[in-house]
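Below is the structure, and that's it, no one-letter string:
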Ligand SMILES: Cc1ncc(COP(=O)(O)O)c(C=O)c1O
């Protein structure tokens, strides 16, 4: 069975030299978790420039859904690149983009059908949704949630409220956005417990927010992540979306699901909203949609996507190679990978829950499918956040050849490729446990 293979202390000499060059020429705004220089990758295995082999449970931040360089994806990219690389979907038609739009509208399964706008990234999909919601409703206000991450462009950043440092020095933000508490039940914003809270997170929007502050008929949209990603892999309780959907309908507010991290099969269903039985009016997709090729898509009910020609567009959005990669990705997802995400997700979560029994610092284990987080605390009763310890665990895992990422202030996320096998997952879990054990005893 394949295992990580690390020769000596990391970074190795080639990686160290490369990182020095990077520091001279590449933007310091990037948030590299560890000193790793990636050279090549296949499936869930990544090699660095010194020949070390790592097990990757990050999938390049939940992007390479089909594993690194899946042969069918590589073939789809090569075939398309030999035929047509770019023409611009803004000014020209091409078949592969039309085919992908048809496919995504079937997946979205919206009442009255759906249409698709293509961009290149998650932030662009969110910007498109933000603009369309204002355009369609002619309303100026928007709601989003504390803890939400929707991207880094000004509109998407204004909708985000994940980490204050991401917004530092960028004021003023786009006006008309109000953040409301997300149902983070492990740390209930109302100090209550579900279900005795009576759905306080949605009730609060109606009263006092709509009663005392924002006329609901001025609200264009509610932006929400089905599972908060960057905010800490937080899964809302089952009734949250039913109540939120009812509220949105009552006031003619559009419900926008940001499925950029939770979508494309990761949670064991094609879209995470399918777990909650509520149909959004708009969906933002990116990350896992094209196995690593840049692509973002905003899917909206046909009736909602009523903007005029020229009101929004992108030179590169939905380029032929990304669309071909996406069609090949969706085929793989539908032919077994979503099911694998569900099964491997159960394996992952139950192993972590069992581990939680032995380690006091594992305060909460949560997630759906292969979108699973562990929140680290100093004390189970006070729930004091163990942010430094969380970082230490990630570093220890890295030195042992396991790639994992943080999310929230003190959580670790597991978001491997949906191709991962049971033994590969067990290997990763064993290294993770070693890192936790060492961190606890150090
Ligand atoms: C839920 C969510 N929305 C939007 C984004 C932004 O995507 P991108 O970095 O492709 O702009 C992210 C990225 O992490 C995300 O997780």
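Yep, that arrived. All of these numbers come straight from a predicted model, not from anything done at the bench.

Can you report phi and psi for the one residue sitting closest to the centre of the chain?
Central residue of the chain (Cα atoms, centre = their mean): residue 261, 1.8 Å from the mean position. In terms of degrees, to the nearest 10, the main-chain angles of residue 261 are phi -100, psi -30.

okay, the residue nearest to it when sequence neighbours are not counted: pLDDT?
Closest residue to residue 261 apart from its sequence neighbours, by Cβ to Cβ, 6 or more residues apart in numbering: residue 229 at 3.6 Å. Backbone N, C-alpha and C define where each C-beta goes, glycine included. Reported pLDDT at residue 229 in the predicted model: 98.

what about the closest residue to the ligand within the stretch 1-150 of the chain, neighbour count?
As assessed by Cβ to the nearest ligand atom, the ligand sits closest to residue 122 within the stretch 1-150 of the chain, at 2.2 Å. By the measure other Cβ atoms under 10 Å, the count of residues near residue 122 is 29.

just checking, it touches residue 298?
No: counting by Cβ atoms under 8 Å, residue 122 sits too far from residue 298 to count as a contact (10.3 Å).

The stretch 201-350 of the chain against the ligand: which residues are in contact?
Residues of the stretch 201-350 of the chain lying close to the ligand by Cβ under 6 Å from any ligand atom are 225, 229-230, 258, 260-261, 286.

Which residue is the nearest non-sequential neighbour of residue 345?
With Cβ to Cβ, 6+ apart, the residue lying closest to residue 345 is residue 369, at 3.8 Å.

Could you pull up the contacting residues of residue 162?
147-149, 230-231 (Cβ atoms under 8 Å, 6 or more residues apart in numbering).

any idea which of those residues is closest to residue 304?
Among these, residue 148 lies closest to residue 304 (Cβ to Cβ), at 21.1 Å.

so that closest one, which of the three states?
Here residue 148 is coil, with the state taken from DSSP: H, G, I helix; E, B strand; the rest coil.

State the distance from it to residue 126.
Residue 148 sits at a distance of 10 Å from residue 126 (criterion: Cβ to Cβ, to the nearest Å).

So for those two, which residue has more residues nearby?
Each of residue 148 and residue 126 has its neighbours counted (other Cβ under 10 Å); residue 126 has more, 31 against 22.

doesn't that one fall inside a strand?
No: counting by three-state DSSP, one finds residue 126 to be helix, located in no strand.

tell me the pLDDT at residue 220?
98.

let's have the chain start at 51 instead
Got it, first residue is 51 now, which makes that one residue 270.

what's the neighbour count on it?
Counted with other Cβ under 10 Å, residue 270 comes out at 23.

surely it meets residue 183?
Yes: between residue 270 and residue 183 there is a contact under Cβ under 8 Å: 4.4 Å.

helix, strand or coil for residue 247?
coil.

quick one, what contacts it?
238, 240 are the contacts of residue 247 under Cβ under 8 Å, 6+ apart.

From residue 254, how far off is it?
10 Å.

does residue 372 count as helix, strand or coil?
helix.

so what's it up against?
Residues near residue 372 by Cβ under 8 Å, 6+ apart: 170, 340, 343-345.

neighbour-wise, which of those leads?
residue 340 (31 neighbours).

is it true that that residue touches residue 376?
Yes: counting by Cβ under 8 Å, residue 376 is a contact partner of residue 340 at 4.1 Å.

now the residues of the stretch 251-400 of the chain next to the ligand in CSV, with secondary structure and distance to residue 436?
Formatted as CSV, these follow (DSSP: H, G, I helix; E, B strand; the rest coil; distance: Cβ to Cβ, whole Å):
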residue, secondary structure, distance to residue 436
275, coil, 24
279, coil, 20
280, coil, 18
308, strand, 28
310, coil, 28
311, coil, 23
336, coil, 31
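
who wins for neighbours among those?
Busiest of those [other Cβ under 10 Å] is residue 308, holding 33 neighbours.

what about the helices in the stretch 51-200 of the chain?
Assigned by DSSP state H, counting those that start in this stretch, the helices in the stretch 51-200 of the chain fall at 63-75, 109-112, 121-133, 145-158, 172-187.

deepest of the ones you listed, which one?
Greatest average neighbour count among those goes to helix 172-187 (a mean of 25), per mean count of other Cβ atoms under 10 Å.

Show me what it is packed up against.
strand 164-169, strand 191-195, helix 204-209, strand 269-274, strand 304-308, strand 332-335, strand 346-351 (3 or more Cβ pairs under 8 Å, 6 or more residues apart in numbering; DSSP states H and E).

Name the stretch among these that sits most buried.
strand 332-335 (a mean of 30).

In its sheet, which strands sit next to it, and in what direction?
strand 304-308 (parallel), strand 346-351 (antiparallel) (DSSP bridges).

show me what contacts the residue of the stretch 51-200 of the chain closest to the ligand?
200-201, 206, 308, 310-311, 334, 336-337, 346.

and which of these is nearest residue 124?
residue 337 (18.8 Å).

In this structure the closest one contacts residue 114, no?
No: contact criterion Cβ under 8 Å: residue 337 and residue 114 do not qualify, at 9.3 Å.

which residues do those two both contact?
Joint contacts of residue 337 and residue 114 (Cβ under 8 Å, 6+ apart) do not exist.

thinking again about what came up before, save the helices of the stretch 51-200 of the chain as TSV, and put in mean pLDDT too.
Below are the helices of the stretch 51-200 of the chain laid out as TSV (pLDDT from 0 to 100):
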stretch	mean pLDDT
helix 63-75	98
helix 109-112	97
helix 121-133	98
helix 145-158	98
helix 172-187	98
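
Show me the one of the ones you listed that comes nearest residue 453.
That would be helix 109-112 among the helices of the stretch 51-200 of the chain, by Cβ to Cβ, at 9.4 Å.

what's in contact with that closest one?
With Cβ under 8 Å, 6+ apart, helix 109-112 has contacts from 94, 115, 117-118, 279, 311, 316, 337-338, 342, 421, 455, 465-467.

between the residues you listed, which is closest to residue 381?
Among these, and counting by Cβ to Cβ, the member closest to residue 381 is residue 115, at 11.9 Å.
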